[in-house]
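Visitor: Give me coordinates for this.
(chains A and B)
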Amino acid sequence: MIEIIGLSQQFRQRKVLDNIHLVIEKNEICALVGRNGSGKSTLIHSILGLIPYKQGSIRLAGFDNRSEKWKGIVSYLPEKFQLYPHMTCWENLFFFASATGDAPNEEEMIKHLMNVRLWESKDEQVKNFSKGMLQRLGLAIMLYYDTEILILDEPTSGLDPLGRIEILSILNSLSNKTVLFSSHHMEEIKQICSHVAFLEEGRMTKYKVNEFTEQHLLGGRLA
Amino acid sequence: MMYLWKEWKEQSRAKGMWLSLSMVVLSSIFILIESLSLPRAQGFQVFLLSLYDMNVFILPLLSLYICSFAVMQEKEQKTLLILLTKKESYRKFLYKKAFAIQGVTAALFIGWYFIFMLFAKVFLKFDGAAFLAFLLTSLVLLVIFNQIGVFLGSVCKTRMQLIGANIFAWFLLLFMIDLAFLYVLPSISQSNVRLFSTFYFLDPLHTLHFYLETSLGLFPLDHLSRLMEKMVWLKPSYFVGMDLILWIVVAMELGIWFHSKGERS
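Guide: Residues are numbered from 1 along each chain as shown, chains lettered A, B, ... in the order given. Here you go, the predicted model:
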């Protein structure tokens, strides 16, 4: 469960997030939607404790995100990541698996590489990967961590239709996970999400997915 | 150790580090060829000093670039973000990253000098103590500039900014500081020489050169003028130790501080 209460973020004179309230229940898949520059990345970075905040509180699975305890509960996949290009797929996964502080579990690594259909390419250097393969490797890293909460920043951005379908089907197959992912594509949101958290001019509104339309996104300008 | 393993894999498969090494290898060979005309008795010491003097121009620049870009890449490739949301804090990340990159570059460049000395032994009269002094000097030079590189990589936000910062740091430490010292030199007297010396020996390039010259016996410390005696108020090796600790700690802490300040703003 992700619980945000009264979160505000201001950079110089500009208020990016204004008294945000958002609760994402356990096992819920929620899309974070908003125009470019609406504060989606700021919100995600605040949730992950990457940007400090003065006003409000954020709790992840019951833990305040200003303590270090939440780190075993959340996995994050940034937008447009590249990983280590000269290392192989297997070496990348091995290194990130060790970031938990425990010795990497090779059986789990094999399972997740097979799950994202990268087992055949495990010895290939990541610099030769397509965008879709890279995104799937990122997902394999997230899945290896097996955390309760997954946060993904535009996981399908820049992918061809087939790549999108692959990523969405992996996300759809997840069970017992609380997922927050930012996206601009209404079709994929409707495909896998139960709720939409809409961010506009620093303010947040949460909708059930079937209540949210593209008109909300355009601020009623289509009507 | 995982960071060291990862850094080795990344650096050894990229071309940048090998290009850097090839520059050091080529210039070392030229210095050796030049030194063959020196008298055999003192040739080895003079050869080592010439080798160090050449290093002063190349190694800092290579160190700055290799290390700063290694840190910058973690930011650009977003691997830093993934790591920070796991068990790492930024401080822990930067410590591990610095340790790893220091280990890889030290193994490479110092490893080369060991191999190179096998060749040099054939042509010059080898002196183990002199070689160790040279090795220590080169290692400290490498470590300090690596750490400055880590600092710049941590502070800069874009590649262009980083390129500019690297050139500026190199130019500042190699040339500008000496110009500033030359400017104040006429006003140095018995009363203020100690203050001058403190600042003078905070510059690792001055300290390391002085340490190497004295260790090789090319600058004897037992016939100094009174002013110079006051100037050298510590053993050269203590000045080296002081510089090493100071630069590592200051560069590391400033790197962490500026990074967290950037996040807050």
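
Visitor: drop to CA atoms for contacts and neighbour counts, all remaining ones
Guide: Fine.

Visitor: Can you pull up the most central residue in chain A?
Guide: residue A:152 (1.2 Å; Cα atoms, centre = their mean).

Visitor: Any buried residues in the longest helix anywhere in chain B, and which?
Guide: Using DSSP state H, we find that the single longest helix of chain B is helix B:40-76. Residues B:42-52, B:55-56, B:58-76 are the ones in helix B:40-76 that count as buried (16 or more other Cα atoms under 10 Å in any protein chain shown).

Visitor: Ok, stretch B:133-140 next?
Guide: Buried-residue list, stretch B:133-140, by 16+ other Cα under 10 Å: B:133, B:134, B:135, B:136, B:137, B:138, B:139, B:140.

Visitor: any idea which of those residues is closest to chain A?
Guide: Nearest to chain A among the buried residues of stretch B:133-140: residue B:139, at 26.9 Å, using Cα to the nearest Cα.

Visitor: the longest helix in chain A is where?
Guide: helix A:131-145.

Visitor: so for that helix, what's the average pLDDT?
Guide: Averaged across helix A:131-145, pLDDT comes to 89.

Visitor: what sits against the residue lying closest to residue A:88 once chain neighbours are set aside?
Guide: Once flanking residues are discounted, residue A:88 sits nearest to residue A:125: 3.9 Å by Cα to Cα, 6 or more residues apart in numbering or on different chains. Listed by Cα atoms under 8 Å, 6 or more residues apart in numbering or on different chains, the contact set of residue A:125 reads A:85, A:86, A:87, A:88, A:89.

Visitor: Next: residue B:166.
Guide: B:61, B:64, B:65, B:149, B:152.

Visitor: who touches residue 146 in this structure?
Guide: Since no chain was named, I'll use chain A. For residue A:146, no residue meets the contact criterion (Cα under 8 Å, 6+ apart).

Visitor: my question was about chain B
Guide: B:60, B:63, B:64, B:66, B:67, B:68, B:98, B:101, B:102.

Visitor: Let's see that with 6 Å instead.
Guide: Residues in contact with residue B:146 (Cα atoms under 6 Å, 6 or more residues apart in numbering or on different chains) are B:63, B:64, B:67.

Visitor: Three-state assignment for residue A:58, please.
Guide: Of the three states, residue A:58 takes strand according to DSSP: H, G, I helix; E, B strand; the rest coil.

Visitor: Check residue A:9 too.
Guide: Under three-state DSSP, residue A:9 falls in the strand class.

Visitor: would you list every one of the strands in chain A?
Guide: A:2-11, A:14-24, A:29-34, A:55-60, A:63-64, A:74-77, A:149-153, A:178-182, A:195-200, A:203-208 (DSSP state E).

Visitor: Residue B:5 is nearest to which of those?
Guide: Nearest to residue B:5, of all the strands of chain A, is strand A:74-77, at 23.2 Å by Cα to Cα.

Visitor: Name every strand pairing with the closest one and say which way it goes.
Guide: Sheet pairing of strand A:74-77 (DSSP bridges) gives strand A:149-153 (parallel).

Visitor: the inter-axis angle of the partner strand versus strand A:2-11?
Guide: 40 degrees (axes from the mean of the first three to the mean of the last three Cα atoms, to 10 degrees).

Visitor: could you dump strand A:149-153 to PDB, C-alpha only?
Guide: Output of strand A:149-153 as PDB, limited to C-alpha atoms (Å, rounded to 0.1, in the frame of the first residue of the first chain):
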ATOM      1  CA  ILE A 149       5.400  -2.400  -4.400                       C
ATOM      2  CA  LEU A 150       6.600  -1.700  -7.900                       C
ATOM      3  CA  ILE A 151       7.000   1.800  -9.300                       C
ATOM      4  CA  LEU A 152       7.600   2.100 -13.000                       C
ATOM      5  CA  ASP A 153       8.300   5.400 -14.900                       C
END
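
Visitor: Tell me which residues are up against that strand.
Guide: A:74, A:75, A:76, A:77, A:78, A:79, A:177, A:178, A:179, A:180, A:181, A:182.

Visitor: Chain neighbours aside, what residue packs nearest to the third one?
Guide: With sequence-adjacent residues excluded and distances taken as Cα to Cα, 6+ apart, residue A:76 is closest to residue A:151, at 4.8 Å.

Visitor: Residue A:207 contacts residue A:198, doesn't it?
Guide: No: in this structure, residue A:207 is not within contact of residue A:198 by Cα atoms under 6 Å, at 7.6 Å.

Visitor: quick one: which of those two has more around it?
Guide: Taking neighbours as other Cα atoms under 10 Å in any protein chain shown, residue A:207 and residue A:198 compare with residue A:198 leading, 22 against 16.

Visitor: So residue B:27 lies in a helix, does it not?
Guide: Yes: secondary structure of residue B:27, determined by three-state DSSP: located in a helix.
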